[in-house]
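K.L.:
here is a sequence with its predicted model. Questions after.
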Amino acid sequence: ASEAEQDDLVIIGGGVAGYVAAIKAGQEGMKVTCIEKRGTLGGTCLNVGCIPSKALLNNSHLYHQIRHDTKNRGIEVGDVKLNLGQMMKAKDTAVSGLTKGIEFLFKKNNVRYIKGTAAFADEHTVKVNLSEGGEETVMGKNFIIATGSEATPFKGLEIDEKRIVTSTGAIALEKVPEKMIVIGGGIIGLEMGSVWSRLGAKVTVVEFLGQIGGPGMDNEIAKAAQKILKKQGIDFKLNTKVMGGDVTSDKISLQVEAAKGGKEETLDADVVLVAIGRRPYTAGLGLENIGLETDDKGRLVIDSEYRTKLPHIRVIGDCTFGPMLAHKAEEEAVAAVEYIQKGHGHVNYGAIPSVMYTHPEVAWVGQNEQEVKESGVKYKVGTFPFSANSRAKTNMDSEGMVKMIADEETDRILGIHIIGPNAGELIAEGTLAIEYGASSEDVGRTSHAHPTLSEAFKEAAMATYGKAIHY
Ligand code: FAD
Ligand code: NAI
């Protein structure tokens, strides 16, 4: 094909990675096409991930709080009833509003949006199987593959998204299960387990490792989180393997076994959530037609500028290396377009925050204490409990703490770990501090408004290089 027939950039996948790259490319004046097969933009995050789960987390928290935590605040309420259908509708409204918003942004930034499934025919051509029928050929000078990820299946348990569910079924259950088993005590397991536990289900989390929270969470914080979630009514079976399951018309029985020692037990449930991680999704992409391969984890292999071995084809987001997080995908999207357009881009992988949206939230950025210890760097730790923070006290929401880890010699901040109210918002300050190479003293000598939760952050910094005032 002649160059004139080729778009400057063709993006496969309209999730966070793909849509952000498309908007950025449009802003840069590139002729850009984004192909998405789902029927709506926003990918996993907006349709079945971040957004619907946070809608349910927020409203289930309100429901739970109104039921259990009003009297001592001087609020007397009458009968509190759950209207699950309406709670789901509220979630759907958030999702549809946001996905349509992206379509609007596409129009505003001259992004051509094709609804359909794309597969490479050759190195500069994709064939799109259009959602409305028929086929279209799209040619590009550059490509970005942003096809995302899918739930890792659990061998021996067939997902029907009704009784044996991934997160996709777990955000759309039609009634509150009496008993729910969650396989995998990572972020999805704890967020969705919290939702259904608050709404009345008896939730048991079965985790293979000796600690909840999934990869990255600081041990001390994970232990604190488990204690608080247990108090909220979630049961944990750590160091436990699921061996298999029997599904009958009225219940699901799971055989579990202690990871060490082999003690067996059978657990019953109405709904089982499989949340043992996600894996890259590249099925049907025609990779074989262009000679691109994935590694043993299914990830497309790239260099530091997101290029595959075909340098005009780049890969970003969940289908390649790094944490499977929406904001990581977003950073990569901007950087990848900048590499194409300007020859340089930037993502600081050492400063990507993680947030678990339970109550209280857990958030962290940088290295956890286990990692710092392993690296051999001499370090110091400062902590500050929310029980000594005036705002948390006035809000009657004071469980948790801020923990800061800094280099003992230079005082440079290496990691920040928060469990507590609004931890997900507070971590932004930590991310900025790490991005700017701040020392704990830089943060501790910065004025923070009173009374705010952010003072706990400042005081944890003070405790790292010296002493906190209020603890
Ligand atoms: P995706 O969002 O998966 O998008 C890929 C898109 O490509 C999909 O829409 C797919 O239909 C499309 N596609 C695939 N193949 C083709 C093809 N051949 N042709 C056309 N289109 C194709 N992250 C956070 O940061 N914060 C959160 O709170 C959070 N909550 C989550 C909650 C849940 C329940 C889940 C499952 C995930 C959550 N995540 C969260 C992770 C986040 O959703 C992902 O990191 C993010 O969606 C990755 O974006 P992506 O664009 O790489 O992939
Ligand atoms: P995860 O990797 O966070 O946790 C999976 C957990 O399952 C781990 O603790 C692991 O040890 C355990 N596990 C693995 N195999 C097991 C087995 N056979 N039996 C019992 N336990 C087993 O994965 P999760 O929770 O599925 O989430 C996937 C990804 O989605 C996350 O890593 C994250 O990237 C993203 N996500 C992010 C959210 C956020 O940012 N708030 C929310 C939800 C998902």
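P.N.:
All right, it came through fine. Ligands and ions are numbered 1, 2, ... in the order given.
K.L.:
next, give phi and psi for A55.
P.N.:
phi -60, psi -50 (degrees, to the nearest 10).
K.L.:
which ones are touching it?
P.N.:
Neighbouring residues of A55 by Cβ atoms under 8 Å, 6 or more residues apart in numbering: 90-91, 94-95. C-beta coordinates here come from the backbone N, C-alpha and C atoms, glycine included.
K.L.:
let's see that with 6 Å instead.
P.N.:
91, 94 (Cβ atoms under 6 Å, 6 or more residues apart in numbering).
K.L.:
measure it to ligand 2 for me?
P.N.:
13 Å (Cβ to the nearest ligand atom, to the nearest Å).
K.L.:
check G14 too.
P.N.:
For G14, the distance to ligand 2 - Cβ to the nearest ligand atom - is 19 Å.
K.L.:
what of M192?
P.N.:
To ligand 2, M192 is 8 Å away according to Cβ to the nearest ligand atom.
K.L.:
am I right that that residue is in contact with A170?
P.N.:
Yes: contact criterion Cβ atoms under 6 Å: M192 and A170 qualify, at 4.4 Å.
K.L.:
can you tell me the SS state at K54?
P.N.:
helix (DSSP: H, G, I helix; E, B strand; the rest coil).
K.L.:
apologies, that question was intended for K141.
P.N.:
Applying three-state DSSP: K141 is strand.
K.L.:
A4 is in contact with that one, correct?
P.N.:
No: applying Cβ under 6 Å as the test, K141 and A4 come out as separate, 10.6 Å apart.
K.L.:
these two - which one has more neighbours?
P.N.:
Set K141 next to A4 and count neighbours by other Cβ atoms under 10 Å: K141 wins out with 15 against 6.
K.L.:
how much space separates that one from ligand 1?
P.N.:
19 Å.
K.L.:
if you drop the residues flanking it in sequence, what lies closest to that residue?
P.N.:
Q6 (4.9 Å; Cβ to Cβ, 6 or more residues apart in numbering).
K.L.:
show the pLDDT at the nearest residue to G345 once chain neighbours are set aside.
P.N.:
Once flanking residues are discounted, G345 sits nearest to A335: 3.2 Å by Cβ to Cβ, 6+ apart. Note on A335: pLDDT of 98.
K.L.:
what about A335, helix or strand, and which?
P.N.:
Here A335, judged by DSSP states H and E, is contained in helix 326-342.
K.L.:
do that helix and ligand 2 meet?
P.N.:
No: using Cβ under 6 Å from any ligand atom, helix 326-342 never reaches ligand 2; the gap is at least 7.3 Å.
K.L.:
any low-confidence regions in the stretch 351-471 of the chain?
P.N.:
Within the stretch 351-471 of the chain, no stretch has pLDDT under 70.
K.L.:
now the strands for the stretch 201-350 of the chain?
P.N.:
202-206, 235-237, 240-247, 252-258, 264-269, 271-274, 278-280, 313-315 (DSSP state E, counting those that start in this stretch).
K.L.:
same thing with the stretch 51-200 of the chain?
P.N.:
111-122, 125-130, 135-145, 149-151, 164-165, 179-183.
K.L.:
closest one to ligand 2 among these?
P.N.:
strand 179-183 (5.1 Å; Cβ to the nearest ligand atom).
K.L.:
spell out which residues of the stretch 51-200 of the chain are next to ligand 1.
P.N.:
Residues of the stretch 51-200 of the chain lying near ligand 1 (Cβ under 6 Å from any ligand atom): 53, 117-118, 146-149, 167, 188.
K.L.:
one more pass at 5 Å, please.
P.N.:
The stretch 51-200 of the chain has residues 53, 117-118, 146-148, 167 near ligand 1, with proximity defined as Cβ under 5 Å from any ligand atom.
K.L.:
okay, those residues in TSV with distance to E371 and pLDDT next?
P.N.:
TSV is the format used below for these (distance: Cβ to Cβ, whole Å; pLDDT from 0 to 100):
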residue	distance to E371	pLDDT
S53	27	98
T117	40	98
A118	38	98
A146	29	98
T147	30	98
G148	27	98
S167	27	98
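K.L.:
in JSON lines, list those along with neighbour count and distance to K100.
P.N.:
Formatted as JSON lines, these follow (neighbours: other Cβ atoms under 10 Å; distance: Cβ to Cβ, whole Å):
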{"residue": "S53", "neighbour count": "22", "distance to K100": "19"}
{"residue": "T117", "neighbour count": "18", "distance to K100": "21"}
{"residue": "A118", "neighbour count": "27", "distance to K100": "22"}
{"residue": "A146", "neighbour count": "31", "distance to K100": "20"}
{"residue": "T147", "neighbour count": "26", "distance to K100": "22"}
{"residue": "G148", "neighbour count": "25", "distance to K100": "20"}
{"residue": "S167", "neighbour count": "23", "distance to K100": "22"}
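K.L.:
just flag the most distant two among those residues.
P.N.:
S53 and A118 (27.4 Å; Cβ to Cβ).
K.L.:
for the closest residue to E361 other than its chain neighbours, what are its contacts?
P.N.:
Residue nearest to E361 in three dimensions, not counting chain neighbours: A423, with 3.9 Å by Cβ to Cβ, 6+ apart. Counting by Cβ under 6 Å, 6+ apart, A423 touches 361-363.
K.L.:
quick one: the strands in the stretch 351-471 of the chain, in order.
P.N.:
354-356, 361-366, 379-385, 401-407, 413-420.
K.L.:
deepest of those, which one?
P.N.:
Highest mean neighbour count of these: strand 413-420, a mean of 28 (counted as mean count of other Cβ atoms under 10 Å).
K.L.:
give me the helices and strands touching that one, please.
P.N.:
When contacts are defined as 3 or more Cβ pairs under 6 Å, 6 or more residues apart in numbering; DSSP states H and E, strand 413-420 sits against helix 219-231, strand 361-366, strand 401-407, helix 423-435.
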